[in-house]
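*Asks:* Sequence and predicted model, in that order:
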Amino acid sequence: MNRRRLLGISCALVALALALLPAASPVRAQSVAAEKIDPALRDLMQADPLALLPVIVEMQHPVTPFVGAPNVDRALGALDLLRQYGIPVAALSLIDGAAGFANAAGIDAVSPRPSVAPPVVAPPDQLSGTYPLVVNADRVWQQGTTGGGVTVAVLDSGVAADADLVQPANRILASVNFADQRLASDPGGHGTHIAGIIAGNGSRSGGEFVGIAPQANVVDVRVLGSTGSGRISSVIRGIEWVLAHRAAYNIRVINLSFGARANLSYRADPMAAAVEIAWRRGLVVVAAAGNSGPVRDTVVTPGIDPYAITVGATDDLGTLSRRDDVLAWFSAWGSADSNAKPDLVAPGRRLVSIRVPGSALDTLFPDRVVVARNGSTYFRLTGTSMATAVVSGATALLLARWPNLTPDQVKALLVGTTQPYGQDSGQVLPDPIADGSGLLDAYAAVSAASPPAPTGGFVLGGLGLGGLLGSAPPPVAPLACANRALRPADGFARALFPVLYGSPLHWKDPTLGGIDWQTLTWDSVLWDSIAWDNFAWDSVLWDSIAWDSVLWDSIAWDSVLWDSVAWDSIAWDSFTLD
C-alpha cells in the first residue's frame, strides 16, 4: 500500500488515551463515541459505509509509572485493534499509534471502547502558543512588566536575527562563537527557538506567538555546533565570556537548554563549578533537567548542580486549563547526589517559537513547521530545553520588576510560588520530587516580591527600600533565600581559594573526624573534600569579595576528561520528542 496515501490523508484519525474514561450510561456512551471520530472521517463513513478508509489510531503519551516500553506497547495495542476491526498496516511507535484501514462498522466498533478519547478539536500546533498564559506571564504583562532592560545569555547553537527579536528594535545585543565554524547565525535552529520562547515579541505572527518576556534582550553565546553537540570546555568559555561582559549588557540570566550525562557527582563536575561561580557573581543560571525520564536519577549536568534552577517539563495538552496538564513522560528527575531535582516544571511539549529556515532541525523535521494565521511560519519543538526557556523568560520578568533581587532570592521566589496542576489528569507521579515544587507561576513570583502594603517596607537583598516607597514603614521580614548551607563543587572551591584566603575560618563541626578544626589556619589545613565539606560556606561575605582578582582564564577546566555535551543529552538527529 502506498505509504504517502496511507499517512497523508488527514481525515483518518482515531485517538486512544491511556487512562480509562469513567463508566457512563448507554445513552452517554453513544454520544461520547460519536465525539471520538474525526468529523471529516465521519463524513466519509456516511458517504460509503462499506469503503475501507485509511485510519490512524493515535495514542496519548502514557501516564507514569511506566512498565516496559510504553511507546512500543501502546503502538502494538493500537495495531491489535486494527487487526480485530480492520486491516492493520504498520505500528507507529513514534506517535504511540498504528496505521491501517477500516470501514464504518470497524471504526464504530473501535470508538466506544473506554480507552478511546476524542481528538483535539483545534490543531495542536496552534494551541501550543498558549504557554505564556499557562504560567500567567500575561498577567505580568498587564502590570506593564515585559522584561525590558534585562538581558538573557542564551548558550546554545546560535541565535538568528529573526523579526521577533530584531523588530522594531534589535534586541540581540551581542553574538560570540565558541563552537565550530559558523557559516550561518544559527545553523542548528535550536538556539533561536529557545531565544524566541524567552523573548520573542510576535512581530512576525502579528502577536499570535509571543515569548515569556517579549521585551527582554538576548546575547547569543554559541557553544554548540550545527549538529547540536559541543565541548564542555566551550560551555565554560561561554560562561566566562558572560561574566566578563555582564555589566556591559546587563546580563542577569544564563539559559542552558542542554546537558550531558552526569557520570560524576556535581562536586567533581567542571560545568557545575562554572555555574556556581556565575551564580555567586549575581547571574541566575537556569538549566534543563534532561529528557531521560521517567527513570530515577536521570537529571543531566549542569542541571544536577544544587545551586542552579533546574527545570523539568509538563505537557499542557495545548489547553489553558492546568487541571488536565501532566508531567511529561520524558522529563528527568533525581540525581546521584540525592539532590531534589528538578526544582520546578514548566510547559515543554509542542511549544511554538521562532523557525530558522534551512537549519538542521528545519531540514530534518519539516512536519514541525507551524503556520500562523497571517501566514508566517514558526516551529514546534518538545523537551525540557523548551521548559527551561520558559523559566528563563519568567526570571527576566521578575528581574525587570525587581532588579535588586539576588539569584538566591529569585530561586526562592520561583520555587516557592508554583501552582498546582493535573488535578483532573489522573496521573500519579513516580516520586514526589519528580516535578519539584510544581508548575511555574510567573505572576505569583512577581507578586510575592512586591511590598506587603502601600506604606510597608520592602527588604530586597538586605537593603530596606521602605523609605523609597513611602513613609517610614514598620519592620518587614526579608525575602527568603534559596541555596542555604549548600556545599559547592570542588572546582568552585579551588577557584575561590585565592579570594577566600585569609578570611575567618568557620567550621560546621569543630570536631569532625576527630580533628580540632578550630586550631587550624589557612596554611595548616589540608584543603581536600573533607575540609570543603566542613567549611561553613554561608559565613562568607560574598558581596565584599574582590572578584576581579581571580584569573579565571588560568583555571585548567580542560584537564577534566569530559568532551561531549548535547541538547538535553538527546541525539536529536536520530530521536526526537513531539
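*Replies:* Received the coordinates, thanks.

*Asks:* these two touch, right, A153 and R222?
*Replies:* No. At 11.1 Å, A153 does not count as touching R222 under the criterion of Cβ atoms under 8 Å. (Each C-beta comes from the backbone N, C-alpha and C, glycine too.)

*Asks:* tell me, what's touching the two both at once?
*Replies:* Common contacts of A153 and R222 (Cβ atoms under 8 Å, 6 or more residues apart in numbering): G238.

*Asks:* Between the two, which has more neighbouring residues?
*Replies:* Legend: neighbour count by other Cβ atoms under 10 Å for A153 and R222, higher for A153 (31 against 26).

*Asks:* mind checking which helix or strand the more buried one is in?
*Replies:* Assigned by DSSP states H and E, A153 belongs to strand 151-156.

*Asks:* What is the neighbour count of V499?
*Replies:* 17.

*Asks:* so what pLDDT did it get?
*Replies:* For V499, the model assigns a pLDDT of 78.

*Asks:* Offset the numbering so it begins at 48, please.
*Replies:* Happy to do that; since the first residue is 48 now, the last one works out to V546.

*Asks:* In space, what's closest to it - neighbours in sequence excluded?
*Replies:* Among residues not flanking V546 along the chain, I592 sits closest, at 5.3 Å (Cβ to Cβ, 6 or more residues apart in numbering).

*Asks:* now the one you found: how far from G549?
*Replies:* From I592 across to G549, the span is 12 Å (Cβ to Cβ, to the nearest Å).

*Asks:* Pick out whichever of these two has more residues nearby.
*Replies:* Taking neighbours as other Cβ under 10 Å, I592 and G549 compare with I592 leading, 16 against 10.

*Asks:* so who does that one touch?
*Replies:* Contacts of I592 by Cβ under 8 Å, 6+ apart are 543, 546-547.

*Asks:* Check the offset of the host helix or strand of I286 from the chain's centre.
*Replies:* According to DSSP H and E, I286 maps onto helix 279-296. Its chain's average C-alpha position is 21 Å from that of helix 279-296, according to Cα atoms, centre = their mean, to the nearest Å.

*Asks:* Show me the shaky parts of the stretch 498-625 of the chain.
*Replies:* Scanning the stretch 498-625 of the chain with the threshold set as pLDDT under 70 gives 498-524, 593-624.

*Asks:* where along it do the helices fall?
*Replies:* 513-516, 537-547, 576-581 (DSSP state H, counting those that start in this stretch).

*Asks:* Tell me which of those is the most buried.
*Replies:* Scoring these by mean neighbour count under mean count of other Cβ atoms under 10 Å gives helix 537-547 as the most buried, with a mean of 18.

*Asks:* counting contacts, what elements does it pack onto?
*Replies:* Applying 3 or more Cβ pairs under 8 Å, 6 or more residues apart in numbering; DSSP states H and E, we find helix 537-547 packed against helix 317-327, helix 576-581.

*Asks:* who does the first one touch, helix- and strand-wise?
*Replies:* Just to be clear, that refers to helix 317-327. Judged by 3+ Cβ pairs under 8 Å, 6+ apart, helix 317-327 is in contact with helix 279-296, strand 298-303, strand 331-335, helix 537-547.

*Asks:* what does that helix contact?
*Replies:* Contacts for helix 317-327 (Cβ under 8 Å, 6+ apart): 279, 282-283, 286-287, 289-290, 301, 303, 307, 313, 332, 334, 348-349, 351-352, 354-355, 454, 530, 535-539, 542-543, 589, 599, 604, 607, 609, 612.

*Asks:* Hey, what's the angle from that helix to strand 331-335? Just curious.
*Replies:* Using axes from the mean of the first three to the mean of the last three Cα atoms, to 10 degrees, one finds that helix 317-327 and strand 331-335 are set 150 degrees apart in direction.
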